[in-house]
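Colleague: Give me the fold of what follows.
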Amino acid sequence: MAILCVDAGTTMVKAVMFDEEGRELQVARQATQVWRRSPGFSEQDMYSVWDAVVYTVRSVVHGAREPVRMLAFTGQGDGCWLVGPDGRPTGPAILWNDGRAADIIDRWEAGGVLDDAFRINGNYGFAGTSGAIMKWLWANDRQRLDASHKALYCDGWLFLRLTGEYAAEESDAASPFFDIRGRKYSPEILDLLDMPWAERLLPDVRGDGDRAGELQPLAAAELRLPAGLPVVMAPFDIPATAIGIGAVTPGHACTILGTTLSTGTPIAAVDTSGTPAGMTLPSGVPGGYLRSLAAMSGVEAIGWGMKLIGLDNPNWISDLAQTVDPGAGGIFFHPYLSPAGERAPFRDTRARGSMSGLTFEHTRSHIARAMLEGLSYVVRECLEFSGTRATELRITGGGANSDFWCRLLADITGVPTLRSVDSEIGAKGAFVTALVASGDEPTIQAAVERHVSTRDVFEPDEKRSALYDELYGDFLAIRDGIRNDWGRLAASRARHRPVDPVAGEDTGPVVLG
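Modeller: Numbers count the residues shown, from 1 in each chain. From the prediction side, this is the model:
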């Protein structure tokens, strides 16, 4: 018997067939498009995501030698996936990296609303949360809200298509309306955000002990699977990836080198004191949490850099970067390229990227190294901000295919970096979750110990780590020097924004190898 798992990421949907021991038997992938039809917008056609799920599932089922006994899935988090009473979308999904609600977030921050909400739910709001997006729609597209029955997330949309049930997995529901300790919606937060009208849009929360349904006949026919098959909704992709790579106990941090650059540390208890930042999520480990600091720009910055310096193959970034010395000849790259600004480990909707220190002496190789170093400094900053002492950093995502970047992360963070034997870690997290939900394994920790393995370890080099300690200090100091200019840049953009912006789309995922 086999277990089929799906990971519906932002730019790629994957389906993986696992055997009973957790070995990957077959993998299928299908790219999806992200549309940017106006400045700051980031959207997806919801049916196109479902179509990608259907295509990848059919692809692995077609070649399967063993029958499927269970389907589990995970997907991208945050954003707002609105559906009507008939379960049909009332418009495109508005994604986690959408920036249209930046002004709303700025007002909430200035009024202390975000700080107050953080003390209740451990999540510091940003423009791509469902609350900010719904608040923007309330002011700009009330008709769509009125036509909507539930505000789902990607996981919830897939669960609805698969089972016919409206639900939010508790890791999705955690931001922005959750009481994180009580693991239920907070009327106090609805009042803080002045959004009592949003309560009717919030779906029932499903979590530990209540994350399974049955495959409905229509979806079964599309997927070519038997109706009534058990369906398990895993946590969304950030905590699912932490499970899939084995970061389920304190000290075992993980970083996703994907569309988002997300660094997570498992914690045993919620702490909402201190400086608000990042996310506190139910981890999928019963009673456990994941402290997640997810920067807005990840390997998408690599794709941008490839076009900037004329590369066609993502592998060449690493090839070029390792031909020059640490420090990239004095160039510093601050990778805040998202139109929505930055959300972790600091939040600033005005944040913008920069390349400092350029001279005629610099080459494409220096720029390539500066980009990888800049992204790695962000990982280190997130690790340090989390307040936990990491003994190892488990990494995954497209960027983890680069041996050079793995070594660089070890040197810059000063802790060993590990890679998994699996190619699709989010799907593996869904697999582990399904084993526990079905009773096949007693705990997440036991399932991880049995089914998750690492294939290599990159130890930090003492001399390079000492050098990067100094360079990391320079990276922060230079950023502090230019932060005051972000407001001026934002004002300039507002004055000179095109009247009729041209619709655009993402070029797709970047996978280093």
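
Colleague: Could you chop the protein up by domain?
Modeller: 2-233, 236-497 (automatic domain parsing).

Colleague: Any regions of this protein where pLDDT drops low?
Modeller: 498-513 (pLDDT under 70).

Colleague: mind running it again at 50?
Modeller: 500-505, 507 (pLDDT under 50).

Colleague: ok, back up a step: with mean neighbour count as extra columns, can I get the domains of the chain in JSON lines?
Modeller: Quick note: C-beta positions are derived from backbone N, CA and C, even for glycine. Formatted as JSON lines, the domains of the chain follow (neighbours: other Cβ atoms under 10 Å):
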{"stretch": "domain 2-233", "mean neighbour count": "20"}
{"stretch": "domain 236-497", "mean neighbour count": "20"}
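
Colleague: List the contacts of the nearest residue to Leu471 once chain neighbours are set aside.
Modeller: In this structure, Leu471 finds its nearest non-sequential neighbour in Gly327, 5.5 Å apart by Cβ to Cβ, 6 or more residues apart in numbering. Neighbour list for Gly327: 373, 467, 471 [criterion: Cβ atoms under 8 Å, 6 or more residues apart in numbering].

Colleague: can you put these in JSON lines and add secondary structure?
Modeller: Below are those laid out as JSON lines (DSSP: H, G, I helix; E, B strand; the rest coil):
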{"residue": "Glu373", "secondary structure": "helix"}
{"residue": "Leu467", "secondary structure": "helix"}
{"residue": "Leu471", "secondary structure": "helix"}
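
Colleague: of these, closest to Ala351?
Modeller: Glu373 (18.2 Å; Cβ to Cβ).

Colleague: Next, the contact list for the nearest residue to that closest one once chain neighbours are set aside, please.
Modeller: Using Cβ to Cβ, 6+ apart and skipping the chain neighbours, the partner closest in space to Glu373 is Ala328 (6.0 Å). Residues in contact with Ala328 (Cβ under 8 Å, 6+ apart) are 366-367, 369-370, 373.

Colleague: for Ala28, same thing?
Modeller: 14-15, 55-57, 59-60.

Colleague: what do you get for Val421?
Modeller: 453-455.

Colleague: now stretch 319-333: how far from the chain's centre is it?
Modeller: Its chain's C-alpha centre and that of stretch 319-333 lie 27 Å apart, by Cα atoms, centre = their mean, to the nearest Å.

Colleague: if we can go back for a sec, reformat the contacts of Gly327 as a markdown table; add distance to Asp106.
Modeller: Output for those, formatted as a markdown table (distance: Cβ to Cβ, whole Å):
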| residue | distance to Asp106 |
| --- | --- |
| Glu373 | 30 |
| Leu467 | 38 |
| Leu471 | 32 |
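
Colleague: before we move on, the earlier item: now, the contacts of Val421 that are in strands?
Modeller: 454-455 (DSSP state E).

Colleague: for the contacts of Val421, which one is nearest Arg23?
Modeller: For the contacts of Val421, the nearest to Arg23 is Ser453 (10.0 Å; Cβ to Cβ).

Colleague: What separation is there between the closest residue to that closest one other than its chain neighbours and Cys382?
Modeller: Distances taken as Cβ to Cβ, 6+ apart put Val421 closest to Ser453, at 4.8 Å, once the chain neighbours are dropped. Plainly put, Val421 is 25 Å away from Cys382 if you go by Cβ to Cβ, to the nearest Å.

Colleague: just Ile243 next, same as before
Modeller: Ile243 is 19 Å from Cys382, by Cβ to Cβ.

Colleague: Okay, helices next: where are they in the stretch 101-250 of the chain?
Modeller: 102-110, 113-121, 130-140, 142-147, 154-163, 170-173, 187-192, 217-223, 237-244 (DSSP state H, counting those that start in this stretch).

Colleague: packing partners for the third one?
Modeller: For helix 130-140, the elements it packs on are helix 102-110, helix 142-147, judged by 3 or more Cβ pairs under 8 Å, 6 or more residues apart in numbering; DSSP states H and E.

Colleague: Restricting to C-alpha, output that helix in CSV.
Modeller: What follows is helix 130-140, C-alpha atoms only, in CSV (Å, rounded to 0.1, in the frame of the first residue of the first chain):
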residue,chain,number,x,y,z
SER,A,130,-6.1,37.4,5.5
GLY,A,131,-7.1,40.1,8.0
ALA,A,132,-5.3,42.9,6.2
ILE,A,133,-6.5,41.7,2.8
MET,A,134,-10.1,41.5,3.9
LYS,A,135,-9.8,45.0,5.4
TRP,A,136,-8.6,46.2,2.0
LEU,A,137,-11.5,44.5,0.2
TRP,A,138,-13.9,46.0,2.7
ALA,A,139,-12.8,49.5,1.6
ASN,A,140,-12.2,48.7,-2.1
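
Colleague: dump the residue contacts of the residue lying closest to Gly305 once chain neighbours are set aside.
Modeller: Spatial nearest neighbour of Gly305, excluding adjacent residues (Cβ to Cβ, 6+ apart): Met371 at 4.8 Å. Shown in contact with Met371 (Cβ under 8 Å, 6+ apart): 301-302, 305, 317, 321, 333, 335.

Colleague: If we only consider these, which is nearest to Leu152?
Modeller: Ala301 (28.9 Å).

Colleague: Look up how far Gly327 lies from the spatially closest residue to the closest one that is not a sequence neighbour.
Modeller: Closest residue to Ala301 apart from its sequence neighbours, by Cβ to Cβ, 6+ apart: Pro335 at 4.7 Å. Using Cβ to Cβ, Pro335 is found at 16 Å from Gly327.

Colleague: what does Ile478 give?
Modeller: 13 Å.

Colleague: again with Leu261
Modeller: With Cβ to Cβ as the criterion, Leu261 and Gly327 are 21 Å apart.

Colleague: likewise Ser148?
Modeller: In terms of Cβ to Cβ, Ser148 sits 51 Å off from Gly327.

Colleague: can you check Gly246 too?
Modeller: For Gly246, the distance to Gly327 - Cβ to Cβ - is 33 Å.
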